[in-house]
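Participant: Got a sequence here, can you model it:
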Amino acid sequence: MIAKQYTVKLPADYDMGIIRRRVQARGQAFDCFSGLAFKAFLITELSSGQTANRYAPFYLWHDAAAINEFIYGEGFAGVAGSFGRPLIEHWIGLDQRLGDISQLPRHATREDLLIPDTDLAALRDHERDRLATLIQQAPGVYAATVALDPYRWQLMRFALWNRTPPPSAADQTTYDVLHLSTPALHQVKPG
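Facilitator: The predicted structure is shown next:
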């Protein structure tokens, strides 16, 4: 699996209703996108106590061919045409799990951690165990993934929540989910 996210930072006085209407009009286009496990249409808003107005979709892909279809296709051309070409963060998936998918998620969290000079295999095993425990013990986790950025040597932990997530750590961003497309979510292993 490959995770990716781009973040469009918007002015403090930006009408976030524009983003809400955009997602409402275009979100369903991803509901059948081949090779996509899920796309979470995410925002943060100053009016909700966040540090900035942002549009920050998060994707979990099954393979690079599917990502190419998106980046070289109309979907990303629409983003670039509306907001300019954003930088795309991407990570190599270490593990991903489904939790309670009986209710759609309302929130998402992302945590970035620098990796110390350590045994990478042991770190991978630790993160897989941690993810399995999160799915089993944290109420409200819809789905979660942990992935590696080997350029910056960072781990990225991402979770979708169908209830309010636990209080955030200093290095965690909490988003509101406007829409979730899940064309191949069934291929993600259950917790």
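Participant: use CA for all of it now, contacts and neighbours both
Facilitator: Noted.
Participant: Without its sequence neighbours, what residue ends up closest to residue 109?
Facilitator: residue 174 (4.5 Å; C-alpha to C-alpha, 6 or more residues apart in numbering).
Participant: ok, now which ones touch the one you found?
Facilitator: 44, 107, 108, 109, 110, 168 (C-alpha atoms under 8 Å, 6 or more residues apart in numbering).
Participant: Try it again at 7 Å.
Facilitator: 107, 108, 109, 110 (C-alpha atoms under 7 Å, 6 or more residues apart in numbering).
Participant: Nearest spatial neighbour of the residue nearest to the spatial centre of the chain, chain-adjacent residues omitted?
Facilitator: Nearest to the mean C-alpha position of the chain, by C-alpha atoms, centre = their mean, lies residue 58 at 3.2 Å. Take residue 58 and drop its neighbours on the chain: the residue closest to it by C-alpha to C-alpha, 6+ apart is residue 5, 4.6 Å away.
Participant: Each with direction, which strands does the one helix or strand the one you found maps to pair with?
Facilitator: Using DSSP states H and E, residue 5 falls within strand 2-6. According to DSSP bridges, strand 2-6 has the following sheet partners: strand 58-61 (antiparallel), strand 88-98 (antiparallel).
Participant: Ok, which of those comes nearest residue 29?
Facilitator: strand 58-61 (13.8 Å; C-alpha to C-alpha).
Participant: CA atoms only: put the closest one into CSV for me.
Facilitator: Below are the C-alpha coordinates for strand 58-61, written out as CSV (Å, rounded to 0.1, in the frame of the first residue of the first chain):
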residue,chain,number,x,y,z
PHE,A,58,-5.7,11.6,2.3
TYR,A,59,-5.4,8.6,0.0
LEU,A,60,-4.5,5.0,0.6
TRP,A,61,-3.6,3.3,-2.7
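Participant: Give me the contact list for it.
Facilitator: 1-5, 35-41, 67.
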